[in-house]
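Undergrad: Have a look; sequence and predicted model below, questions after that.
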Amino acid sequence: MKYIIFGLGNFGSSLGQKLTEAGNEVIGIDNNMDKVDALKETISHTICMDSTDQFTVSGLPLKDADVVIVAIGEDQGANVMTTAVLKNLKVKRLISRAITPLHETVLEAIGVDEVVHPEEETAERWAKKLTLKGVVESFELSSQYSIVEVNVPKRYAGKTLAEVGFRRRYNVLVLTTIKKEDKKNLLGVNREVNAVQGVASPKTVLEEDDIMVIYGDNKDIKGLLSE
């Protein structure tokens, strides 16, 4: 996959390196030439530019990028401006970093697809989320085992957990399911929030737009997602 990351601070540089190590093509962008030079050997491509300049940014291969991430954290103004520029240029999937609740509300009003909180989430966690198809969120319990939120595969929509048999078929446990509900934020803009449905049982019915929270060995989880 192809990623463009704006802002090569601790989070942005770490995410860029992990995505590159996973075999993806990554363009890392920062307005600090020292950071750009320092990372040119560990990120696929690095560029020094002003990300708030729409004319300059429009020259990037944005249409080819699967995901664009605004990881700028030190300058919230530059973060919002860059996010607005990218939204205006209609990138496929836009993820932006938020520092405060108000900052997050502004990003939601602009219309970002997802918001990152690096102070709470690791680059490794986001690298897994971005590279494993179907993963919504993940939490590593150890180097071998994880709890992961995944979209319900379409082939299982309308079936109960007993009918699918995740434990028997994939050696993973479904702990609960999550449904999306609409809720207005501080600016009155509708946003989707997660509503946890409680402990899953064999009778739990899966719906196409549900999210499953599963537990298991990382290789077994990858086996489920790669089908």
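TA: Noted; the coordinates are in hand.
Undergrad: Please count neighbours and contacts with C-alpha atoms only from this point.
TA: Noted.
Undergrad: looking at this structure, which helix or strand is least sure?
TA: Sorting the helices and strands of the chain by mean pLDDT, DSSP states H and E puts strand 135-140 at the bottom, at a mean of 61.
Undergrad: helix or strand right after that one?
TA: strand 145-151 (DSSP states H and E).
Undergrad: Pull out the CA atoms of that following strand and give them to me as PDB.
TA: Extracted in PDB, the C-alpha atoms of strand 145-151 (Å, rounded to 0.1, in the frame of the first residue of the first chain):
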ATOM      1  CA  TYR A 145      -1.200 -12.400  21.600                       C
ATOM      2  CA  SER A 146      -3.500  -9.500  20.800                       C
ATOM      3  CA  ILE A 147      -7.000  -8.200  21.300                       C
ATOM      4  CA  VAL A 148      -8.200  -6.800  18.000                       C
ATOM      5  CA  GLU A 149     -11.300  -5.000  16.700                       C
ATOM      6  CA  VAL A 150     -12.100  -6.200  13.200                       C
ATOM      7  CA  ASN A 151     -15.000  -5.600  10.800                       C
END
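Undergrad: which regions of the chain lie under the pLDDT threshold?
TA: For the chain, applying pLDDT under 70 flags the ranges 119-125, 127-143, 184-194.
Undergrad: Show me the helices in it, by range?
TA: With DSSP state H as the criterion, the chain has helices at 10-21, 33-38, 54-57, 76-88, 101-110, 123-131, 161-164, 166-170, 218-226.
Undergrad: Same question for the second one: list its buried residues.
TA: Think helix 33-38. By neighbour count on 16 or more other C-alpha atoms under 10 Å, the buried set for helix 33-38 is 35-36.
Undergrad: The chain - how does it break down into domains?
TA: For the chain, automatic domain parsing gives the domain ranges 2-121, 132-226.
Undergrad: Touching, residue 205 and residue 164? I think so.
TA: No. Between residue 205 and residue 164 there is no contact under C-alpha atoms under 8 Å: 10.1 Å.
Undergrad: Using CSV, please lay out the helices of the chain together with distance to residue 153.
TA: Shown next, in CSV, are the helices of the chain (distance: least, C-alpha to C-alpha, whole Å):
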stretch, distance to residue 153
helix 10-21, 24
helix 33-38, 40
helix 54-57, 36
helix 76-88, 29
helix 101-110, 27
helix 123-131, 16
helix 161-164, 11
helix 166-170, 12
helix 218-226, 9
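Undergrad: looking at those helices, which is buried most?
TA: helix 10-21 (a mean of 21; mean count of other C-alpha atoms under 10 Å).
Undergrad: Packing partners of it?
TA: Secondary-structure packing of helix 10-21 (3 or more C-alpha pairs under 8 Å, 6 or more residues apart in numbering; DSSP states H and E): strand 2-6, strand 25-30, helix 123-131.
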